[in-house]
Each structure stands twice: as C-alpha cells, then as structure tokens.
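> just need the structure, nothing else, for what follows:
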Amino acid sequence: MAHQPGWVNTLLVFAAVALIILAGKYLFQPILSIVAKTRVRETFVALALLLVIGIALLMSSLGVSAALGTFLAGVVLAEGFRGKPLSVRPEFPLDESLSRTKIYEYRLETAYVPNDGLIYTVDQGLDHMAITDPATGQTEYVQQAYGEAMAYRAGTAEDNHVFGEFEPGGKHGPHSLDLGLDGKYYVTNTASRSIGVFNTATREWEPSYRMDPKTKARYPHTIRIDTAGIAWFTLTGSEQIGRLDPVSREFKILNLPKRKPQGIAGTTQPYGIDINPTDGSIWYGRLFADVIGRIDPDSQEIREYDSPISGPRRMRFDKKGVLWVAGYSEGKLVRIETEGFKTKVYPMPEFAPGYRPAPYALGIHPKTQEVWINENMTDRMYKFIPDEERFVVYPIPLRGTYTRDMTFDENGRIITSNNPLPTPALEGGVLEIISIDPDYDADKEAKLVLSQK
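Just a heads-up that it's a prediction; the model follows:
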C-alpha cells in the first residue's frame, strides 16, 4: 500500500467498504440467518466474532484504522437484525401441580461452609469446583492447580484478560462431571485435554489424567461412568469418543465414522452421552450430523442411526433402558427403544404459534421416571410425564436464565445451575444453583425447621 499513489489507496478503501456492505447484505446475513436457525449459540457467536475480526484485519491491511473495520462489521451485523420487533408474548398453561411447587435459589458467590457440601458444580471459566450446602445456602470453592481463579487471587492474572470468561485455550475449563464408583468426581477439562479428578472426602483436586497428544483428542465434553467404573466421554472437537479406566489409568480413543457435516458447519460434534442400564452399551448424539450412535462396551464396535429429531444434544436413559433425547433445533423430545431403534417424537409446547422452545439437556427422575428438560429461550423448565404423554411447564424466577445439565437429590428435588454467557445477561448478574421441589409440603418443612431450632 505504501508504494501506491494516494488516489489509488483511497479508491481501494472505498471499493473495500462497498464490497463489505454488499457481501454483508447478500452473503453474510443469509449465512447468519441459517446459523441462527440451528439455535447453537456457540456457533453463531464464533461466526460473528470471525466476521468482526476479518473485516477489521482487512481494513487494517489497507492502511485504515481497524476501528473502522469493527464499525463496518457492526453495521453488517445490525442489518441482519433489522425489522419489526417480535410482538409475541410467551404464554404457558398453568398446571395445578404448580401450586405444590417451591423453587430454592443458592447464589454462587464467595462463601465457605465448614461441613460436607451436597451439590457439586464445576465452573468452566474459573477452573474450580463449587460445593453448595443447601442447609446454609453457602458455597465453598476449590480451585484447580494453576487455574484461572488461582491466578486471579494470587494477583498474577493478565491485565487485559476478562476474569471468568472461558477461553478454549485457557488453563482447564472443567465442563461436565459424573461420580465414580470410588466416590470421586471425574470431570472433563475442555481446555487442557484431560480428565480431572475431585476427591469429595479430602475436598481436593487430584492429578488429572492426560490424553496422549498423538490421539489428536480435543475438547472432552460430556462424561458418564458405567457400572464397571469406566469413564466414557465425548470429544466434541475431534469427532471421537473417549474411554478411561481409572484403575489402569489407560485411555482408549475411538474414532467415529466419517460424516459429512450439515449446513455451514466444518465438522460434526459428538455431544451428549449416556450408558444403557440394561446392557451397558454406550450411546451418544452427534450435532451437525443428526445421528445417534451406539458403542458395544466389549468390542467397542460403533453403529450409528439417523436421528428422528434435528440437533440431538443431551440424552438420558430411564431405568427400563429407554433412551430420551432433547432435540435442540426443533424443540422436540424423542423416546427411543434401543432394541430395534423404535422412536416416538413429542413436540414440546410452543410459547407462541410458530415459536418452539430450545431444549438443551434433560434428566430422568430416579423415583418417578419423569423426564425433566431445561429450556433456554423462555426461562422455563419442563416436566414430561411418560404415562400421560404430557408436559408441565415450570417458570424459573430470574430472566436471562440459561440452565445446563441437571441432577436429583435424595429428597426428589431437581437441581441445575444457572449459567448464561455472559454472566451479566442474567437478571442480577450472579450465577446460582436452582433447586425445584415439585411436591413441596409446607407443614413438613415447618416441622423440620422447628426441629432444627
């Protein structure tokens, strides 16, 4: 650029601006619309960031301030959202069972408890285990070695880094956890390509199990422990499934069959995973391929089936060996009898005509076998009653709620974490544990409180 006459440089800048505007209207905006329809927020954010950085670099290469490029990228993105605001108002049927429901909230902020915690939550951005005691509402935080939170508290965190914001290239990035037969939690560390181990007895992180770089395993995502104590986990970044034997400390990485990714996705993503309680087989869902796969626990033979729903994300088995899968892209729930792969699809209730929910994860209540589903568009949780084939909708107290995986306590309460990105998107700006008691008994609780005084 420095050797070009000034008028040539000016002409090139104007041509670049015109090209960006035209490409934004006829190329970028249609692509963004396609990605938005998949409801995979991570992909949409990544594409938007790529657009901003790319345009900024282009303008910088022409000798113009990168700030102008960022401004132009903002114009392109803004054009993609032009139009009339949505006039729909979410409306849900009020089930009579809501009158017997109580929701408890536990704020995840700095606090410590002297006794054993009951709710364990990993924080992907801060590299720690949060142990919440429902009796006191307080939480203890146990940091992973050299994690983000440790650097912050030691005063060694980088000045230009946003504290608590997850980075794929960061320290650990704990994401999913499951309790092993030895009483320890096994955790997928998405950033360090390892399986973390948290000892609940000592409340300490033990040395992680690290995968051999030669396996090219990337981004361990969801983890489940089978009846033999073997840890199975999806590898979202490398189209693989991992197997870890905690006793021998040996990994086995299984390469999944080649699949052509759908839409503009560059690859498919193994996501949810669970173990069939009847035969020990391992089942997984594969985003951007719309397939559901089975792994034989002995031979590790892999077989994949076309998914009856789009966007199979998280999945869980009930005690009879029936597989339930949430269809994130279409707002549907599917019931699968794995023997013969017989399926039945249940569209979830629309909160307005033409507007379906976005189910992310689900869990099976251990006592009632009801299917609990979180939903990330309308601050709601859903309960599906299989015997009646109907849904019950539970409103969550805070706006901006974005819940993740869930578990159940010994009292039958449903427990999940509130984890929007970024955190300020949540009303109040403080993350929390949410516990739902669908069969709340005020008299019983009053007697319990009196007995504790």
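
> helix or strand for the most centrally placed residue in the chain, which one?
Taking C-alpha atoms, centre = their mean, the centroid of the chain lies closest to Arg404, which sits 5.5 Å from it. Arg404 is located in strand 403-408, with elements delineated by DSSP states H and E.

> give me the contact list for that strand.
The contact list for strand 403-408 (C-beta atoms under 8 Å, 6 or more residues apart in numbering) reads 176, 222, 314, 360-363, 365-366, 372, 374, 376, 381, 396, 414-419, 434. (C-beta placed from N, C-alpha, C; glycine too.)

> 6 Å instead, please
The contact list for strand 403-408 (C-beta atoms under 6 Å, 6 or more residues apart in numbering) reads Ala361, Gly363, His365, Pro366, Asn374, Ile414, Ile415, Thr416, Ser417, Asn418, Asn419.

> tell me where the stretch 301-450 of the chain has helices.
Listed in chain order, the helices of the stretch 301-450 of the chain (DSSP state H, counting those that start in this stretch) span 442-452.

> in it, which spans are strands?
All strands of the stretch 301-450 of the chain, identified by DSSP state E, counting those that start in this stretch, fall at 302-306, 312-317, 322-327, 332-337, 342-347, 359-364, 371-375, 380-385, 390-395, 403-408, 414-418, 432-437.

> report the inter-axis angle for the first one versus strand 332-337.
So that's strand 302-306. Here strand 302-306 points in a direction 130 degrees away from that of strand 332-337 (axes from the mean of the first three to the mean of the last three C-alpha atoms, to 10 degrees).

> any weak-confidence spans in the stretch 101-250 of the chain?
109-118, 147-170 (pLDDT under 70).

> try it again at 80.
By pLDDT under 80, the low-scoring segments of the stretch 101-250 of the chain are 109-118, 125, 146-170.

> just the helices in it please.
For the stretch 101-250 of the chain, the helices defined by DSSP H, counting those that start in this stretch occupy 148-153.

> okay, now the sheet partners of the strand holding Arg404, with direction.
Applying DSSP bridges, strand 403-408 is found paired with strand 414-418 (antiparallel).

> what residues sit buried inside the partner strand?
Ile414, Ile415, Thr416, Ser417, Asn418 (16 or more other C-beta atoms under 10 Å).

> and those residues as a markdown table, adding pLDDT?
Output for the buried residues of strand 414-418, formatted as a markdown table (pLDDT from 0 to 100):
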| residue | pLDDT |
| --- | --- |
| Ile414 | 94 |
| Ile415 | 93 |
| Thr416 | 90 |
| Ser417 | 87 |
| Asn418 | 82 |
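
> before we move on, back to that, make TSV out of the contacts of strand 403-408 and add distance to Glu350.
Converted to TSV, the contacts of strand 403-408 look like this (distance: C-beta to C-beta, whole Å):
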residue	distance to Glu350
Ala361	20
Gly363	23
His365	24
Pro366	30
Asn374	17
Ile414	23
Ile415	27
Thr416	23
Ser417	26
Asn418	24
Asn419	25
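
> what about the residue lying closest to Lys383 once chain neighbours are set aside, how many neighbours?
In space, and not counting its chain neighbours, Lys383 is closest to Val392: 4.4 Å by C-beta to C-beta, 6 or more residues apart in numbering. Residues lying near Val392 (other C-beta atoms under 10 Å) number 22.

> give the contact list for Val392.
Contacts for Val392 were tallied using C-beta under 6 Å, 6+ apart; they are Asp95, Ser97, Lys383.

> and the second one, that's in a strand?
No - Ser97 is assigned helix when assessed by DSSP: H, G, I helix; E, B strand; the rest coil, not a strand.

> count the residues that sit near it.
13.

> repeat for the last one
The burial metric for Lys383, expressed as a neighbour count using other C-beta under 10 Å, is 21.

> coming back round to it: how far away is the residue nearest to Lys383 from Thr136?
Distance, Val392 to Thr136, by C-beta to C-beta, to the nearest Å: 30 Å.

> go on, Lys342?
Lys342 is 47 Å from Thr136, by C-beta to C-beta.

> quick one, which of these two is more surrounded?
The neighbour comparison of Lys342 against Thr136 (other C-beta under 10 Å) goes to Thr136, with 13 against 10.

> quick one, domains of this protein?
Domain segmentation of the chain under automatic domain parsing yields 6-79, 96-452.

> switch those over to TSV; also include distance to Pro90.
As requested, these are exported to TSV (distance: least, C-beta to C-beta, whole Å):
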stretch	distance to Pro90
domain 6-79	16
domain 96-452	4
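
> quick one, phi/psi of Gly24?
The phi/psi pair for Gly24 (degrees, to the nearest 10) reads phi -60, psi -40.

> pretty sure it is touching Val75, no?
No - Gly24 sits out of contact with Val75 when judged by C-beta atoms under 6 Å, with a separation of 7.3 Å.

> which residues touch Tyr382?
Tyr382 neighbours (C-beta under 6 Å, 6+ apart): Ile373, Glu375, Phe391, Val393.

> ok, Glu304 - contacts?
So Glu304 contacts Val291, Gly293 (C-beta under 6 Å, 6+ apart).

> tell me what it is bridged to.
Beta-bridge partners, per DSSP bridges, of Glu304: Gly293.

> how close does it sit to Met315?
In terms of C-beta to C-beta, Glu304 sits 14 Å off from Met315.

> returning to what we had before: most tightly packed of the domains of the chain?
domain 96-452 (a mean of 18; mean count of other C-beta atoms under 10 Å).

> just how off-centre is it within its chain?
7 Å (C-alpha atoms, centre = their mean, to the nearest Å).

> any idea how far the closest residue to Ala191 other than its chain neighbours is from Thr236?
Counting by C-beta to C-beta, 6+ apart, Gly173 is the residue found nearest to Ala191 once chain neighbours are left out, at 3.6 Å. Note on Gly173: its distance to Thr236, by C-beta to C-beta, is 12 Å.

> how far does stretch 360-377 stretch from one end to the other?
End-to-end span of stretch 360-377 (C-alpha to C-alpha, to the nearest Å): 10 Å.

> likewise for stretch 376-392?
16 Å.

> state the mean pLDDT of that stretch.
Regarding stretch 376-392, the rounded mean pLDDT is 92.

> state the distance from the residue nearest to the centre of the chain to Phe28.
As judged by C-beta to C-beta, Arg404 and Phe28 stand 30 Å apart.

> pLDDT on stretch 272-279, on average?
Here the average pLDDT along stretch 272-279 is 97.

> average model confidence for stretch 299-309?
So the average pLDDT for stretch 299-309 ends up being 96.

> which residues does the nearest residue to Ile414 once chain neighbours are set aside form a beta bridge with?
Ranked by C-beta to C-beta, 6+ apart and with sequence neighbours excluded, the top spatial neighbour of Ile414 is Ile436, at 4.4 Å. Beta-bridge partners recorded for Ile436 (DSSP bridges): Ile103, Ile414.

> could you report the pLDDT at Ile436?
Looking at Ile436, its pLDDT is 94.

> that one is in contact with Ile103, isn't it?
Yes - with contacts counted by C-beta under 6 Å, Ile436 reaches Ile103, the gap being 5.4 Å.
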